[in-house]
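S.K.: okay, here's the prediction I keep looking at, along with the sequence it came from:
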Amino acid sequence: MGTTAKPVPSIDPQAALAAQAAMATRGNGSADASGVDKMRELLFGNQMQDYDKRFSVMEERFQLRLRDLESESTRSLGGLETTIKKQLESVAGQFREEKDLRADADKELERSLREHTQALEKRLAQVSDQLARQERDFTERLNHEVQALRDEMRRRQDDMRATTERMFAELGNVKTDRNLLAGLFVEIAKCLNQDVAPKGVNGSQTG
């Protein structure tokens with residue numbers, strides 16, 4: 001990149017002559033600070049005014065650009081803030097929606113579990129009642145059969161006792177020997193077998 005040549009300050013000839021005359025009238029020893037300032041003003045007055053104007057213009061442009069930058073920054077920040085707010089609102093809305101969906105899902109799951117639990121409890125109650133009813137029926141039937149068996153055993157014992165008593169009564173009236181006694185016992189056994197066999201068959205049929 002090329003460098004821009006700086007403007008060389010030009011000296012007004014008339015201003016230079018006037019400054020020289022002023023210095024001559026005062027003499028070398030009498031030149032003070034005011035005279036130097038006066039000479040500087042005579043030599044570079046036009047350039048300084050030009051520089052002041054340029055500085056004023058540059059300052060004005062700088063201030064204008066600064067205001068533009070501030071306005072642009074304000075607009076950019078405002079737009080960014082609006083965008084961020086919209087994004088935050090969108091995220092918050094999605095979060096609320098997901099939360100509501102999860103809440104609905106939890107409620108549905110809770111309802112389903114409650115229904116299944118109630119159904120299981122009802123089924124368990126039915127099974128429990130059925131088992132209790134079957135247990136009562138079995139107990140009643142068992143008690144009835146046990147009582148019937150006891151009655152049958154008691155009846156058989158009574159029959160056997162009566163038969164034995166009758167047999168011994170007959171033996172007391174008749175003179176017997178061993179052969180006759182053996183025959184009587186055989187007859188008694190036959191009678192007992194005949195008495196037990198039909199009753200056993202009837203009992204199995206009724207059972």
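M.R.: Nice, I can see it.
S.K.: helices along the chain, start to end?
M.R.: Along the chain, counting by DSSP state H, helices occupy 13-26, 33-173, 178-206.
S.K.: CSV for those helices, including mean neighbour count and mean pLDDT?
M.R.: (Glycine included, C-beta is placed from N, CA and C.) Shown next, in CSV, are those (neighbours: other Cβ atoms under 10 Å; pLDDT from 0 to 100):
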stretch, mean neighbour count, mean pLDDT
helix 13-26, 12, 56
helix 33-173, 11, 83
helix 178-206, 11, 61
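S.K.: can you name the residues that contact residue 136?
M.R.: For residue 136, the contact set (Cβ atoms under 8 Å, 6 or more residues apart in numbering) is empty.
S.K.: actually residue 191, not the one I typed
M.R.: Going by Cβ under 8 Å, 6+ apart, residue 191 touches residue 163.
S.K.: and it, how close does it get to residue 153?
M.R.: Distance, residue 191 to residue 153, by Cβ to Cβ, to the nearest Å: 18 Å.
S.K.: and if you look at residue 101?
M.R.: Distance, residue 101 to residue 153, using Cβ to Cβ: 76 Å.
S.K.: swap in residue 108?
M.R.: Distance, residue 108 to residue 153, by Cβ to Cβ: 66 Å.
S.K.: check residue 93 too.
M.R.: Residue 93 is 88 Å from residue 153, by Cβ to Cβ.
S.K.: what's the answer for residue 64, then?
M.R.: Going from residue 64 to residue 153 by Cβ to Cβ gives 130 Å.
S.K.: before we move on, what about residue 167?
M.R.: Separation of residue 167 from residue 153 (Cβ to Cβ): 21 Å.
S.K.: same deal with residue 105?
M.R.: As for residue 105, its distance to residue 153 is 70 Å (criterion: Cβ to Cβ).
S.K.: over to residue 130?
M.R.: Residue 130 sits 34 Å away from residue 153, going by Cβ to Cβ.
S.K.: now swap in residue 112 and tell me
M.R.: Applying Cβ to Cβ to residue 112 and residue 153 gives a distance of 60 Å.
S.K.: what's the answer for residue 142, then?
M.R.: 16 Å.
S.K.: again with residue 75
M.R.: 114 Å.
S.K.: do the same with residue 102
M.R.: Per Cβ to Cβ, residue 102 is found 74 Å from residue 153.
S.K.: and if you look at residue 168?
M.R.: From residue 168 to residue 153 the distance is 22 Å (Cβ to Cβ).
S.K.: check residue 125 too.
M.R.: Look at residue 125 and residue 153: by Cβ to Cβ, they are 42 Å apart.
S.K.: next: residue 100.
M.R.: The gap separating residue 100 from residue 153 is 78 Å, by Cβ to Cβ.
S.K.: likewise for residue 113?
M.R.: Applying Cβ to Cβ, the value for residue 113 to residue 153 is 58 Å.
S.K.: over to residue 78?
M.R.: Distance, residue 78 to residue 153, by Cβ to Cβ: 110 Å.
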